[in-house]
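# compute the structure for the input listed below.
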Amino acid sequence: MPGGNRLESVKTDQLEWFHATSNKAEVIDKLRTKFRFHPIDLRDVQPPIQRPKVVARDGYIFMILLYPFFDKDTHEIRISEVDFFISKNYLVTVNTDGLTPLRKLFQSSRASKGRHVCLTGDITQLLYAILNDLLTSVFPKLVNINADMESIERRLNDPYQKHLINDILRIKLNVVNFRQAMQAHKAVMTRLLDIAPSFFPLNKLNAYFRELIQHTKEIWDQLELQRDEIEALHETNKSLIDFRTNDIIKTLTIFSVIVFPLTLLAAMFGMNVPVPFQDHAYGFLIITGIMLLGSAGMMVYFKIKKWI
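Next up, the predicted model:
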């Protein structure tokens, strides 16, 4: 991963963006030495993942946001933490999972030697560019979950889909993790707009930040719908499994009811005692006919009762 334990930066005349891809002790020490951040904030940067929040400190704002990302190995949605230290002249971001939008934006900013569009304004423009890119990357994941659920819906009526329940549970877990990541976004960003003017002017970008808040609401509403839909698919699948199980049990029960009397009759005629038709020339055919008639009679009875 680029950067390792280093605290990399890109600088312009107006601001400097520091970015770390590690939260190990070496990076924490650098943040403590260079910026003298509050110990509580530095502790929150370290594992485990913290809850989203935004706090006004002396000279800077500390913010934690969570974002979902896709694990290609397990096909599951994971949660990644992004830590922000926001001041009037600098921005520090920490993310250990290499979130693609954040990584690409920082790399392109460094490659442009500070001439990237996100660095042409003040700190609010850079912050908006980061938040916007991170939030925009969420929407395709919502589309992927919708596609997975449509695939589940098409496979529900196929009795040979043995891995269907595993896929349903995986999607349920993805929705849960997605909701956990996005749940606090609206509240945190609303709080950010309330305290930010005390540190730096939002100016015309205020409307853009409020648009981001609206996007978080749209994402949450979509997640609510997806949660309800996957729950409905899960219940439908359980009902279909129960129906198929009951149908199999009914078939086996009817088969047992038909076969058991025949087995009992055959055992009786196999006993080493005198039995009817034992010495009759057509005894075998008569006994076989009785057994077949009995089976046919039970089949007719079951058919009348609509059990088969």
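# show me where the protein has its helices.
25-35, 39-45, 100-111, 123-136, 138-155, 164-182, 185-195, 206-269, 283-304 (DSSP state H).
# least confident of the ones you listed, on average?
By mean pLDDT, the lowest-scoring of the helices of the chain turns out to be helix 283-304, with a mean of 78.
# gap between that one and the chain center?
Using C-alpha atoms, centre = their mean, to the nearest Å, the mean C-alpha position of helix 283-304 is found 57 Å from that of the whole chain.
# buried by neighbour count: which residues of it qualify?
Buried residues in helix 283-304, counted by 16 or more other C-beta atoms under 10 Å: 287, 291. Quick note: C-beta positions are derived from backbone N, CA and C, even for glycine.
# and it, C-alpha only, in CSV?
The C-alpha atoms that make up helix 283-304 are tabulated as CSV, following Å, rounded to 0.1, in the frame of the first residue of the first chain:
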residue,chain,number,x,y,z
GLY,A,283,-52.4,-69.1,-4.9
PHE,A,284,-49.5,-66.8,-5.8
LEU,A,285,-51.6,-64.9,-8.3
ILE,A,286,-54.5,-64.6,-5.9
ILE,A,287,-52.2,-63.2,-3.1
THR,A,288,-50.5,-60.9,-5.5
GLY,A,289,-53.9,-59.7,-6.8
ILE,A,290,-55.1,-59.1,-3.2
MET,A,291,-52.0,-57.0,-2.5
LEU,A,292,-52.4,-55.0,-5.7
LEU,A,293,-56.1,-54.4,-5.0
GLY,A,294,-55.3,-53.2,-1.5
SER,A,295,-52.7,-50.8,-2.9
ALA,A,296,-55.0,-49.6,-5.6
GLY,A,297,-57.8,-49.1,-3.0
MET,A,298,-55.6,-47.0,-0.8
MET,A,299,-54.4,-44.9,-3.7
VAL,A,300,-58.0,-44.2,-4.7
TYR,A,301,-58.9,-43.3,-1.1
PHE,A,302,-55.9,-40.9,-0.9
LYS,A,303,-56.9,-39.4,-4.2
ILE,A,304,-60.5,-38.8,-3.0
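# for that helix, enumerate the helices and strands it packs against.
Helices and strands touching helix 283-304, by 3 or more C-beta pairs under 8 Å, 6 or more residues apart in numbering; DSSP states H and E, are helix 206-269.
# what angle separates the helix it packs on from helix 138-155?
Using axes from the mean of the first three to the mean of the last three C-alpha atoms, to 10 degrees, the inter-axis angle of helix 206-269 relative to helix 138-155 is 20 degrees.
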